[in-house]
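S.K.: coordinates for the following, if possible.
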Amino acid sequence: MTRVRLTDVAARAGVSMKTVSNVVHHHPHVSPAMRARVQEAIDELGYRPNLTARRLATGRTGMIALAMPEIDHPYFSELSRSIAEVAAEMGYRVLIEQTLGEAEAERAVIMDREAGLVDGVIFHPVSMTTVEIGKLRRDLPLVLLGESARPLTTDHVMIDNVQAARDGTELLRRTGRRIAFLGTVSHDVTGSTAQRLHGYQEALELAGVPGDTSLVLETGGFRVEDARAALSAALARGLDIDAVLCRDDRFAIGALQALAEAGLSVPDDVAVLGWDDTHLATISTPTLSSIAPDKRGIARIALELLIERIGGHQGVGRHRIAPHGIEQRQSTAGR
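M.R.: Alright, predicted model coming up:
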C-alpha cells in the first residue's frame, strides 16, 4: 500500500499543508470547523503521522515522562490516568516511571535516564529538595507536582492544601468541637501532611476552638493498618472525638475500621472525612466523604505548562494552583 502523505490530506481537505500540520500537532489556533474538515480527510484516507520523520524534522519524540512515587497508590494512579488521557488529547504519549520516593531514582529521572527519550518530564518528587532541584540542568523541560519541592526556577502545580484542610475542618465543625487529625507520620518528608495539619489547626483557631495536641494522632507509616492502629490506640486511651479529618483516603479507611471495632457508628457517633477522592471513597462502608483535588485540572495545567516549555518558553518558574472541592458521601451525611 502507498503511504498516505500530508500532501494527500491537504489536497483532500482543500487546505494548505501548514493547516493540516497544525491539526495533526493539536495547535490551538485552528477553528473548530477547519479542524473537523481536516480530521474528516485524515479519517477518510487513513493518514497516520510518520513519527520517525517528525522526530528527525523537529528534534522531538512526541513522548513525555511522568515520574510518580508509587504507581499503585490510589491518588497517583488516578492522577496518572488523567495525565495520560489529557496528553493523548494534546498529541503526546506518556512514559510512566515509579521512583518509590528514593532520592537516587528521582535524580535519575531528571538528570540522565530520560535524556533523548522524551521531550519533557512531569515529576512528583518526595526526597529531592527545593535547593537540589533548583540547581539541576534546565535543558529538559520540567513541571513539578506535589508539595515537597518548589524551586523558583521550575514550573509547579498543586492544590492549596492549607485552604482545603480549612474547608474540610469547617465542614466537620458541624459535628462538634472535638475534631481529630489523622494524622502525622513519623519520618514523613512529603510536605503535604504538614500543610494539611496547618490548615486544620488554622481553621480551629479561627473558630475559637482551643488547641488540643491529643487530637493530633501520629502513625508509624502510610498504610491503612497504621492509621487504624493509631486511632484504635487513641480510642482505647479514652479519646473523645466528634469527627476525624484524615490526611488521605487510605487513612480514612483505617479510621472507619478503628471506629467500627470500637463500636462507634459513622457518621452518627463520629464523622469521617478523607482526602484525594479516590475510588476507595466510593466502595467503603459507609462511603467516604473526601476532599477532592481536581485531578484532570492538575493534569491539564501541568501539560499546558510543559508543552509551552517544550515549545521554547523561557523565564522563571510558574506556580499554579489547581481547584479542589469536597465530595460529600455517607461518612458525613446530614452533618
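S.K.: give me the residues contacting stretch 273-291.
M.R.: Stretch 273-291 is contacted by residues 74-75, 78, 164-165, 167-168, 171-172, 196, 243-253, 256, 266-267, 271-272, 292-293, 324-333 when judged by C-beta atoms under 8 Å, 6 or more residues apart in numbering. Yep, even glycine has a C-beta here, placed from its N, CA and C like the rest.
S.K.: mean confidence for that stretch?
M.R.: Computed over stretch 273-291, the mean pLDDT rounds to 97.
S.K.: ends of it, how far apart?
M.R.: With C-alpha to C-alpha, to the nearest Å as the measure, the first residue of stretch 273-291 is 7 Å from its last.
S.K.: can you check stretch 267-285 too?
M.R.: End-to-end span of stretch 267-285 (C-alpha to C-alpha): 11 Å.
S.K.: buried residues, that stretch. List them.
M.R.: Within stretch 267-285, the residues that qualify as buried are 267, 270-278, 280-281, 284, counting by 16 or more other C-beta atoms under 10 Å.
S.K.: pull the most distant pair out of those.
M.R.: Using C-beta to C-beta, the two most remote members of the buried residues of stretch 267-285 are V270 and T278, lying 21.1 Å apart.
S.K.: circling back: with distance to E97 and secondary structure added, can I get the buried residues of stretch 267-285 in a markdown table?
M.R.: Listed next are the buried residues of stretch 267-285 as a markdown table, based on distance: C-beta to C-beta, whole Å; DSSP: H, G, I helix; E, B strand; the rest coil:
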| residue | distance to E97 | secondary structure |
| --- | --- | --- |
| P267 | 40 | coil |
| V270 | 40 | coil |
| A271 | 38 | strand |
| V272 | 34 | strand |
| L273 | 32 | strand |
| G274 | 27 | strand |
| W275 | 25 | strand |
| D276 | 21 | coil |
| D277 | 25 | coil |
| T278 | 21 | coil |
| L280 | 24 | helix |
| A281 | 27 | helix |
| S284 | 30 | coil |
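S.K.: so which helix or strand of the chain has the lowest pLDDT on average?
M.R.: When the helices and strands of the chain are compared on mean pLDDT, DSSP states H and E, helix 51-58 comes out lowest with a mean of 53.
S.K.: for the chain, give me the ranges with low pLDDT.
M.R.: Low-confidence regions of the chain, defined here as pLDDT under 70, cover residues 1-2, 26, 28, 49-59, 112-116, 137-138, 334-335.
S.K.: which residue is nearest the middle of it?
M.R.: When C-alpha atoms, centre = their mean is applied to the chain, the residue found nearest the centroid is L79 (4.8 Å).
S.K.: then that residue would be within a helix, right?
M.R.: Yes - with DSSP: H, G, I helix; E, B strand; the rest coil as the criterion, L79 is assigned to a helix.
S.K.: for this protein, what spans make up the strands?
M.R.: 63-68, 93-98, 121-123, 142-145, 155-159, 179-185, 216-219, 243-246, 271-275, 289-293, 319-322, 324-327 (DSSP state E).
S.K.: could these be laid out in CSV, adding distance to L303?
M.R.: Formatted as CSV, the entries for these read as follows, by distance: least, C-beta to C-beta, whole Å:
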stretch, distance to L303
strand 63-68, 8
strand 93-98, 10
strand 121-123, 7
strand 142-145, 8
strand 155-159, 10
strand 179-185, 30
strand 216-219, 34
strand 243-246, 29
strand 271-275, 24
strand 289-293, 16
strand 319-322, 12
strand 324-327, 19
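S.K.: out of those, the one nearest V109 is which?
M.R.: strand 63-68 (4.3 Å).
S.K.: what comes up buried for the closest one?
M.R.: Within strand 63-68, the residues that qualify as buried are 63-68, counting by 16+ other C-beta under 10 Å.
S.K.: what's the answer for stretch 219-232, then?
M.R.: If you call a residue buried by 16+ other C-beta under 10 Å, then stretch 219-232 has these buried ones: 219, 222, 224, 226-232.
S.K.: need the residues that contact that stretch.
M.R.: Taking contacts as C-beta under 8 Å, 6+ apart, the residues outside stretch 219-232 that touch it are 180, 182-186, 217-218, 244, 246, 248, 250-255, 257-259, 261-262.
S.K.: what are the structural domain limits within this protein?
M.R.: The chain resolves into domains spanning 6-49, 63-158+294-324, 161-292+327-332 when parsed by automatic domain parsing.
S.K.: what count of nearby residues applies to R250?
M.R.: The tally of other residues near R250 (other C-beta atoms under 10 Å) stands at 23.
S.K.: just confirm it contacts P74, I think it does.
M.R.: Yes - the pair R250 and P74 passes the contact test of C-beta atoms under 8 Å, sitting 7.2 Å apart.
S.K.: before we move on, back to that, which one of the buried residues of stretch 267-285 sits closest to H313?
M.R.: Nearest to H313 among the buried residues of stretch 267-285, counting by C-beta to C-beta, is D276 at 30.4 Å.
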